[in-house]
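Enquirer: next come a sequence and a model predicted from it.
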Amino acid sequence: MQQEVIIAGFGGQGVLFAGQLLAYSAMDEGREVTWIPSYGPEMRGGTANCTVVVSEEEIGSPLVKNPTAVIAMNLPSLDKYEDLVAKDGVLVVNSSMINREVKREDIKVVSIPGNDIALEMGSERSLNMIMLGALLANLELLSLEAVERGLDAHLPERHKKFLAANKEALRKGAEYKAG
C-alpha cells in the first residue's frame, strides 16, 4: 500500500523535520520512501511544506496530486490543500490557528488544538510532533513506536535533550482519533 502525506505550515513550525522524521522512520521499517521539502525564501514565517510518500513497493513518482493525508498547521495550508486530499483521505487540522470549518465531507477530519497542547506541554516547538502523532493515530501508515524509534535513531545529537518531550508530544497528538 502507498500513502502520500503533505505536511504544510509556516516556516519555524517544524514542518520539514516532521516530514523527514516520517520518511526516515518508514525507511527504517523497510519501506520505500521519498521526501520533498519546499519552502519560501524566509526562514521563519514564510510558507513551508513537504511531501512524503511511503510505500511497500518501488515508488513510481515522488510528485503527488491528491495526497491520502494532509497536515495543515495554519489557515493558508488548509486553504491550499483541503480540496486536494484524496476521497476517504485524512486531513489533520491545527484548530489553534485555523478559524474555519473544513468544507469536505468525504474525508476524515481530525481537528486538534496543536498550539494549545504544545503550550500546555511547555514548548511551542512540540507542535510538529503533536500533529504527526494525530496523523499516525488516524492513518494506516506507521506505528507510534516506529516513529519513536526513528526519533531515537535520527534526532541530531544537539537535540537529544528534547527526545523525551518529542515522544510525549507524539503520544499527546495520537490521543486525537477521529470518530
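Expert: Cool, got the structure. Numbers count the residues shown, from 1 in each chain.
Enquirer: quick one, what contacts the nearest residue to Met121 once chain neighbours are set aside?
Expert: If the residues on either side of it in the chain are set aside, Met121 comes closest to Ala169, at 6.3 Å by CB to CB, 6 or more residues apart in numbering. From N, CA and C alone the C-beta is placed, and that goes for glycine too. Taking CB atoms under 8 Å, 6 or more residues apart in numbering as the criterion, Ala169 is in contact with Ile117, Ala118, Met121, Ser126, Leu127, Met129, Ile130, Gly133.
Enquirer: separation between Ala169 and Ser123?
Expert: Distance, Ala169 to Ser123, using CB to CB, to the nearest Å: 8 Å.
Enquirer: for the protein, just list every one of the helices.
Expert: Taking DSSP state H to define them, one finds helices in the chain at 15-28, 75-81, 114-121, 127-138, 144-154, 163-174.
Enquirer: export those as a markdown table, with columns for distance to Gly89 and mean pLDDT.
Expert: Shown next, in a markdown table, are those (distance: least, CB to CB, whole Å; pLDDT from 0 to 100):
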| stretch | distance to Gly89 | mean pLDDT |
| --- | --- | --- |
| helix 15-28 | 16 | 97 |
| helix 75-81 | 10 | 96 |
| helix 114-121 | 19 | 97 |
| helix 127-138 | 10 | 98 |
| helix 144-154 | 20 | 97 |
| helix 163-174 | 18 | 97 |
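Enquirer: many thanks, we can stop here.
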